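[1] just coords:
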């Protein structure tokens, strides 16, 4: 499953030994610069750089990375198409009235706005994928604990993260069994099978929660999860390239903003 592969690549990628703060700085920094950029150039540059880092430096398989990009592609295409057709402008290229209050219009301004949004979505998605594919969840939790995020919140996140994989595994097994018994061959059977799947998952999640509580009590749980991983210290040798990349993107952003203002 995609979730298992994400966690596996985060644990075994070629830059897993680098301090997670360094990688998180690069991911969040490029994300912020991408979101505030008034031009699609900066998000595209950020997306190209991070894609190269993921594939060629972190050694994440390219086919798996591009398969992940296809997941939000459908929502993005629908959103961009809607923006193109419903955003008016002075330079109209095509127009078709559907009703007295709804007119589909394609204009230069709408195309420019859709390209900007598409670039931001692409750059932001790749920034988040960089974080997901190179930083294990346990390291993110440790960073949150170091910046004094409430312990109750991080413990709850840890429990939810574990239960996601448990429920997905059970849902996959139940769905496979239903498919083998032709449970989705007709719409009526599919509806009944899906209802049974949801009911089984509810019972399974309830039982899994009880088992987790008993296991925690047996291990003398005192209200806090002990950290189980050691994080390597931050090295300037790996931080300097991150600072240079963010400085280049930030300076390019200011140059483009200055040119737009003038």
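    Received it, and whenever you're ready, just let me know what you need. Keep in mind that this is a model prediction, so the values were computed, not measured.
[2] mind listing what residue 53 touches?
    Neighbour list for residue 53: residue 130 [criterion: CB atoms under 8 Å, 6 or more residues apart in numbering]. Where you see a C-beta, it was placed from the backbone N, CA and C, and this is true even at glycine.
[3] how near is it to residue 14?
    Residue 53 sits 10 Å away from residue 14, taking CB to CB, to the nearest Å as the criterion.
[4] same thing with residue 256?
    For residue 256, the distance to residue 14 - CB to CB - is 33 Å.
[5] so which of these two has more stuff around it?
    More crowded of residue 256 and residue 14, by other CB atoms under 10 Å: residue 256, with 15 against 12.
[6] hang on, the more buried one packs against residue 43?
    No. Between residue 256 and residue 43 there is no contact under CB atoms under 8 Å: 11.3 Å.
[7] what residues are shared contacts of those two?
    residue 37.
[8] how does this protein divide into domains?
    1-136+233-262, 138-228 (automatic domain parsing).
[9] as TSV, these with mean pLDDT would be great.
    TSV is the format used below for the domains of the chain (pLDDT from 0 to 100):
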stretch	mean pLDDT
domain 1-136+233-262	86
domain 138-228	83
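[10] give me whichever of the ones you listed is most buried.
    Looking across these with neighbours counted as mean count of other CB atoms under 10 Å, the highest average goes to domain 1-136+233-262: a mean of 16.
[11] how about the strands in this protein?
    Per DSSP state E, the chain carries strands over the ranges 92-97, 103-107.
[12] could you dump those to CSV with distance to residue 8?
    Compiled in CSV, the strands of the chain are given as follows (distance: least, CB to CB, whole Å):
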stretch, distance to residue 8
strand 92-97, 47
strand 103-107, 44
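[13] nearest to residue 175, of those?
    Across the strands of the chain, residue 175 has its closest neighbour in strand 103-107 (39.8 Å, CB to CB).
[14] what angle separates that closest one from strand 92-97?
    170 degrees (axes from the mean of the first three to the mean of the last three CA atoms, to 10 degrees).
[15] who does strand 103-107 pair up with?
    Partners of strand 103-107 in the sheet, by DSSP bridges, are strand 92-97 (antiparallel).
[16] return the distance of the partner strand from the chain's centre.
    36 Å (CA atoms, centre = their mean, to the nearest Å).
[17] ok, and what's touching it?
    Contacts of strand 92-97 (CB under 8 Å, 6+ apart): 103, 104, 105, 106, 107, 108, 111.
[18] any idea how far residue 24 is from the residue nearest the centre of the chain?
    By CA atoms, centre = their mean, the chain has its centre lying nearest to residue 128, at 4.6 Å. Going from residue 128 to residue 24 by CB to CB gives 11 Å.
[19] residue 10 now?
    Note on residue 10: its distance to residue 24, by CB to CB, is 12 Å.
[20] all helices for the stretch 151-262 of the chain, in order.
    151-180, 187-218, 236-261 (DSSP state H, counting those that start in this stretch).
[21] out of the ones you listed, flag the one nearest residue 31.
    Here helix 236-261 is closest among the helices of the stretch 151-262 of the chain (CB to CB), at 10.9 Å.
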